[in-house]
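S.K.: with the sequence up front, the predicted model follows.
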2 protein chains.
Amino acid sequence: MKPGFSFALEATDPTGGRAGRLVTPHGVAATPVFMPVGTLATVKGVDVGRLAETGASIVLGNTYHLHLRPGEAVVEAGGGLAAFMGWPGPTLTDSGGFQIFSLADQVKITDEGAAFRSHIDGAAVRLTPEASMQIQQSLGADIAMQLDDVVGLPAERARVEQAMRRSLDWAERCLAAHTRPDQALFGIVQGGLDPDLRRVSAESLAAMPFDGLAVGGLSVGEGAEAMRSTLAATMPVMPTDRPRYLMGVGRPVDLIDGVLAGIDMFDCVLPTRCGRTALAFTFAGVLKMRHARLVNDLRPIEEGCPCPACRHSRSYLRHLFLAGEMLGPILVSLHNLTVYARLMARLREAIVAGRLGAVAAELRQRIDGEAE
Amino acid sequence: MKPGFSFALEATDPTGGRAGRLVTPHGVAATPVFMPVGTLATVKGVDVGRLAETGASIVLGNTYHLHLRPGEAVVEAGGGLAAFMGWPGPTLTDSGGFQIFSLADQVKITDEGAAFRSHIDGAAVRLTPEASMQIQQSLGADIAMQLDDVVGLPAERARVEQAMRRSLDWAERCLAAHTRPDQALFGIVQGGLDPDLRRVSAESLAAMPFDGLAVGGLSVGEGAEAMRSTLAATMPVMPTDRPRYLMGVGRPVDLIDGVLAGIDMFDCVLPTRCGRTALAFTFAGVLKMRHARLVNDLRPIEEGCPCPACRHSRSYLRHLFLAGEMLGPILVSLHNLTVYARLMARLREAIVAGRLGAVAAELRQRIDGEAE
């Protein structure tokens, strides 16, 4: 890895789960780690002090969104993503590939790059591997991601293979264009649900001087079982000496699966998006905060949770959502982020103790159901 | 005052400004004090931990709103307003009089009380002095307010006099209906801009066993000059041994005027409403956070301000507002509440030092302009 960066494994569980330590110029993350998504240089509704209290260590920003607003020049003038948003720890930016796939209008992707219309004002935007590197170097996160060609699933094998091979080509162009010595660069494995394509992608990327590798192109409609089997096919060919990042995943149960498969890093908008829509995660399942049965429920969302939401009753939180008060989304977002961080900490502990299989099985029993 | 309550003056400035100490069953407030408005048992966008950090001591809830949502029974079952919202200090509820005037539909006010339609769902609601007391006793704030008949200004003298006399009648009915021994009850002086009517109202209320008196019916369109002259006519006939509360006022410059006139307590939605609409108060004037000139302004809103917003640059805060991110309103609300609390603390210090006139004059020079 680049100077100022290191990744060391502290323990590997018999299941393949890994506990490690990722060092960056802005600080350290104990892995496996969940990275809250701060799309526009803010985790929605959460100030950075409260964010740190959830147990978060690395925060993610979205290159596509930040390029459109406020523009990377403003972020750079503000000292780079971490200083601009006031986050005192490590940051990571994605490359824009996923947002071009999911958000942009009138997208045209060629071997050269992507041309599309901004989802904000319809302005014409071009994003090539070189442009993504230039933008991400200006944004200045500790970790940048290669530009990749993301395919929605299900898709024709020819299209999946084209996207995988194009992503490999773009990987080389990103490495060539990336010059910032204090920023790590990760490659992204593609290949849809095809084990052979995934293997080709992972082996090719492993031979390149990336500081870490991500598994991309999942959580795009393929379902949990397909995600599990694809991870099972991909992980054995991923290098073990560098961090492994599963992009955009997922529900708590998906994080457990990912950790079992040997993933070190995760990100997902679910904790905050669900927080805004009154869905609270707990270790005993999901709780719908608008439900009428909570009207006089004086218990916290989850006993023993140290988050600011759990200083209040379910009755109060329900009232906030029914009255349309901002504080409801704020508090349940904080709660969900806290649950995700605590889940990662528990899994890490289990790995260190060599008990991940048992702990994961126990957690899975209740975490995916409906809470009482 | 009732058991568990006390109000003691610590200093009176030559201008008439007063520094005091208001003790309630839930805690103490140093006066003059600004009370943030937590309409629906939440100061919009602000968690109670952050709210305490702004320097707030008493929080206000709105009886009309809480009666409609979630209903006083839910608040009471949650332990009363303070416990329900998790606020570890004193609380006050208004009576609903102002909201009937400003928010309700198809209002019909008679000597008996008010009948109107809910602004939420059009349901028929009746609010009498007795009902307001019953609701406020269920809400269980430390301080309750009498129901009053609020008139928009300008208005016919006959209507202003009718409302003032009706409010006196309702004052007696509120005192008769109020039985909760751990809740203080304040009367409300009415009389529009007419010094004679204000005097009659204040003298009549002063003779009743209220725990404090408020000046109501201002900040309803009369302008700053009319407010000042009305205060000048009213304050000399207000009892000096009980707290004096100027309801619904106002801008920082209005608070300075109020303190000079001998007011002890204030409330207003301005700090949070302006915070949500990108207007930041500072001791050097108002700052429009969306302004293009802030695009690369790396200064905080105000140097030396201890609030969470001022850990960020103006450039970042502007970006949050332009991108429609919740964190902008959250942070600038916190900033504005902090400015209001700091303003009160400075005025209090000046009173104790006997220098209120000079300090107020100095503060007035810049606080009402546009910040640079």
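M.R.: Noted; the coordinates are in hand.

S.K.: so for stretch A:323-341, what gets flagged as buried?
M.R.: Of all the residues in stretch A:323-341, those buried under the rule 16 or more other CB atoms under 10 Å in any protein chain shown are A:323, A:325-341. For the C-beta atoms, the positions are set from N, CA and C on the backbone; glycine is no exception.

S.K.: ok, now stretch A:49-61?
M.R.: Here stretch A:49-61 shows A:50-51, A:53-61 as buried, counting by 16+ other CB under 10 Å.

S.K.: then stretch A:240-250?
M.R.: Within stretch A:240-250, the residues that count as buried by 16+ other CB under 10 Å are A:242-250.

S.K.: same list, those, but as CSV with secondary structure, distance to residue A:282 and pLDDT please.
M.R.: Output for these, formatted as CSV (DSSP: H, G, I helix; E, B strand; the rest coil; distance: CB to CB, whole Å; pLDDT from 0 to 100):
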residue, secondary structure, distance to residue A:282, pLDDT
A:242, coil, 34, 97
A:243, coil, 29, 98
A:244, strand, 28, 98
A:245, strand, 26, 98
A:246, strand, 23, 97
A:247, coil, 25, 96
A:248, coil, 22, 94
A:249, coil, 19, 93
A:250, coil, 17, 91
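
S.K.: now render those residues as JSON lines, adding distance to chain B.
M.R.: As requested, the buried residues of stretch A:240-250 are arranged in JSON lines below (distance: CB to the nearest CB, whole Å):
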{"residue": "A:242", "distance to chain B": "33"}
{"residue": "A:243", "distance to chain B": "29"}
{"residue": "A:244", "distance to chain B": "31"}
{"residue": "A:245", "distance to chain B": "25"}
{"residue": "A:246", "distance to chain B": "26"}
{"residue": "A:247", "distance to chain B": "23"}
{"residue": "A:248", "distance to chain B": "21"}
{"residue": "A:249", "distance to chain B": "24"}
{"residue": "A:250", "distance to chain B": "24"}
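
S.K.: circling back: so which of the buried residues of stretch A:323-341 reach chain B?
M.R.: When contact is defined as CB under 8 Å from any CB of the partner chain, those meet chain B at A:323, A:325-327, A:329-331.

S.K.: these into CSV, with extra columns for secondary structure, distance to residue B:91 and pLDDT?
M.R.: Listed next are those as CSV, based on three-state DSSP; distance: CB to CB, whole Å; pLDDT from 0 to 100:
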residue, secondary structure, distance to residue B:91, pLDDT
A:323, coil, 17, 98
A:325, coil, 17, 98
A:326, coil, 20, 98
A:327, helix, 16, 98
A:329, helix, 24, 98
A:330, helix, 21, 98
A:331, helix, 19, 98
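
S.K.: with respect to residue B:73, which of those is nearest?
M.R.: Residue B:73 has its nearest neighbour among these in residue A:323, at 15.5 Å by CB to CB.

S.K.: which positions within the lowest-mean-pLDDT helix or strand in chain A qualify as buried?
M.R.: Ranking every helix and strand in chain A by mean pLDDT, DSSP states H and E puts helix A:97-102 at the bottom, with a mean of 86. For helix A:97-102, burial by neighbour count (16+ other CB under 10 Å) applies to A:97-101.

S.K.: can you list contacts of that helix?
M.R.: A:62-65, A:107, A:109, A:114, A:116, A:127, A:132, A:145, A:147-152, A:167, A:188, A:216, A:220, A:247-248 (CB atoms under 8 Å, 6 or more residues apart in numbering or on different chains).

S.K.: now the element after that helix, going C-ward?
M.R.: Reading on from helix A:97-102 to the C-terminus, the next helix or strand found by DSSP states H and E is strand A:105-109.

S.K.: now for that next one, which elements pack on it?
M.R.: The elements that strand A:105-109 packs onto, with contact taken as 3 or more CB pairs under 8 Å, 6 or more residues apart in numbering or on different chains; DSSP states H and E, are helix A:97-102, strand A:114-117.
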